[in-house]
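K.L.:
Any chance you can model this:
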Amino acid sequence: MAVEIQTDLAPQTLLDMCKGIESDLGRTNARRWGPRLIDIDILLYGDERVKTPVLEIPHAKLAERRFVLVPLAEIAKGIPVPGFEKTVEALLEQCPDPGHVRLHRKAKGVSE
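P.N.:
Numbers count the residues shown, from 1 in each chain. Reported below is the predicted structural model:
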């Protein structure tokens with residue numbers, strides 16, 4: 001799932017908030033790269049690029065993960081991705097991930 005939000009939070013503060021939400025929902029940091037109950041990533045932050053030891057925006061693996069690009073393209077296909085000089089849609093078209101991603105229909109009463 002991909003969602004778009006508007007925020008006045010700085011990228012690191014937003015990450016801290018996301019980690020708090022994950023924790024509140026029961027996520028534990030048991031094993032790096034292992035299965036997890038919930039995983040909230042910051043994929044994009046406007047046209048900014050951020051690289052710190054704990055945060056990289058755009059997300060480091062964004063262009064390699066079809067399961068990320070498909071839902072992101074649903075809400076932001078024409079958005080240019082900083083550092084890639086391509087849109088989300090172009091990254092999806094060129095994505096090397098052979099995995100299949102299936103979109104679910106919207107539930108009744110859910111608006112865009």
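K.L.:
contacting residues around the longest helix along the chain?
P.N.:
Among all segments of the chain classified by DSSP state H, the helix with the greatest residue count is helix 11-24. Residues from elsewhere that reach helix 11-24, judged by CB atoms under 8 Å, 6 or more residues apart in numbering: 7, 9, 37-42, 45, 48, 50, 52, 54-55, 57. Quick note: C-beta positions are derived from backbone N, CA and C, even for glycine.
K.L.:
Filter the residues you listed down to the ones in strands?
P.N.:
Residues of the contacts of helix 11-24 located in strands (DSSP state E): 50, 57.
K.L.:
Farthest-apart pair in the contacts of helix 11-24, please.
P.N.:
Leu37 and Glu48 (28.8 Å; CB to CB).
K.L.:
which residues of the chain score low on pLDDT?
P.N.:
When the per-residue scores of the chain are filtered using pLDDT under 70, the ranges that remain are 29-37, 106-112.
K.L.:
which residue is nearest the middle of it?
P.N.:
Leu43 (3.6 Å; CA atoms, centre = their mean).
K.L.:
so how far is Leu92 from it?
P.N.:
Distance check for Leu43 against Leu92: by CB to CB, to the nearest Å, it reads 13 Å.
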